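Participant: Predicted coordinates and the sequence they were generated for:
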Amino acid sequence: MSATKRYEIRLSGTGGQGLGLGGKMLAAALSDDGLHVAQSQSYEPTSRGGMSRSDLIVTTDKADYPLATGLDYLLILDTRAMSISEGMINENAVVLVDEELVPNPPEGNFRVHALPLSKTAISLGNLRVTNVVSLGALIALGDICSLETMEAAIKRITPEKYARMNLDAVRAGFELVEH
């Protein structure tokens, strides 16, 4: 029998960036791949501008502890959100930041990737899909799940009138990462 695999993912930024929805989309895709996922969210009481995060604990077996303690994958969409993950980023973790919104990313023994996430969303016609662009880039960088699995989860979770926009966004994010 193989050993249980466990990794932690955090999507962080500020309120209004769709991190909760992004976490739900990613959790659905990982569950579709047969993994067990515990998701938690935290946000400050202000609807826009307060810190926000969505954490996922992913295992091949049932999660023994549902809260993040050591991050293997981290998305940062706002400089103000960097402090909530200090001291929690594992060695060799994948850290993805928006190159415009986080001009001075964290430094450490992990791999930082600064990509034009919000700029890509704007080029698609809607800044609000930055979260989904980010998911595409994150799954490509971390080989977390396939693009097809992510697209299927997005189709299932997204209201029909936003499905095309979100599918275009996840593909655009995936394509930002050179393969």
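Facilitator: Okay, I see it.
Participant: Please make it C-alpha for all contacts and neighbour counts, starting now.
Facilitator: Noted.
Participant: which residues in the chain form helices?
Facilitator: 19-32, 117-123, 130-142, 147-157, 160-176 (DSSP state H).
Participant: winner for burial among the ones you listed?
Facilitator: Highest mean neighbour count among the helices of the chain (mean count of other C-alpha atoms under 10 Å): helix 130-142, with a mean of 26.
Participant: ok and the helix or strand bottoming out on mean pLDDT in the chain relative to helix 19-32, angle-wise?
Facilitator: Lowest on mean pLDDT, DSSP states H and E among the helices and strands of the chain sits strand 36-43, with a mean of 87. Strand 36-43 and helix 19-32 are oriented at 180 degrees to each other (axes from the mean of the first three to the mean of the last three C-alpha atoms, to 10 degrees).
Participant: helices and strands around strand 36-43, which ones?
Facilitator: For strand 36-43, the packing partners by 3 or more C-alpha pairs under 8 Å, 6 or more residues apart in numbering; DSSP states H and E come out as helix 19-32, strand 51-59.
Participant: would you list the helices of the chain in CSV and tack on mean pLDDT and distance to Leu75?
Facilitator: Formatted as CSV, these follow (pLDDT from 0 to 100; distance: least, C-alpha to C-alpha, whole Å):
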stretch, mean pLDDT, distance to Leu75
helix 19-32, 95, 10
helix 117-123, 98, 11
helix 130-142, 97, 8
helix 147-157, 97, 17
helix 160-176, 96, 13
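Participant: right, and the ones you listed - which one's nearest Val94?
Facilitator: Closest approach to Val94 among the helices of the chain (C-alpha to C-alpha): helix 130-142, 6.7 Å.
Participant: between the closest one and helix 147-157, how many degrees?
Facilitator: Using the same axes, to 10 degrees: helix 130-142 against helix 147-157 is 150 degrees.
Participant: and helix 130-142, C-alpha only, in CSV?
Facilitator: The C-alpha trace of helix 130-142 is given here as CSV (Å, rounded to 0.1, in the frame of the first residue of the first chain):
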residue,chain,number,x,y,z
THR,A,130,-8.2,37.2,-12.2
ASN,A,131,-9.0,34.4,-9.7
VAL,A,132,-9.8,32.0,-12.5
VAL,A,133,-6.8,33.1,-14.6
SER,A,134,-4.7,32.4,-11.4
LEU,A,135,-6.2,28.9,-11.1
GLY,A,136,-5.1,28.1,-14.6
ALA,A,137,-1.6,29.2,-14.0
LEU,A,138,-1.4,27.5,-10.6
ILE,A,139,-2.5,24.1,-11.9
ALA,A,140,0.0,24.4,-14.7
LEU,A,141,2.9,25.4,-12.4
GLY,A,142,2.1,22.8,-9.8
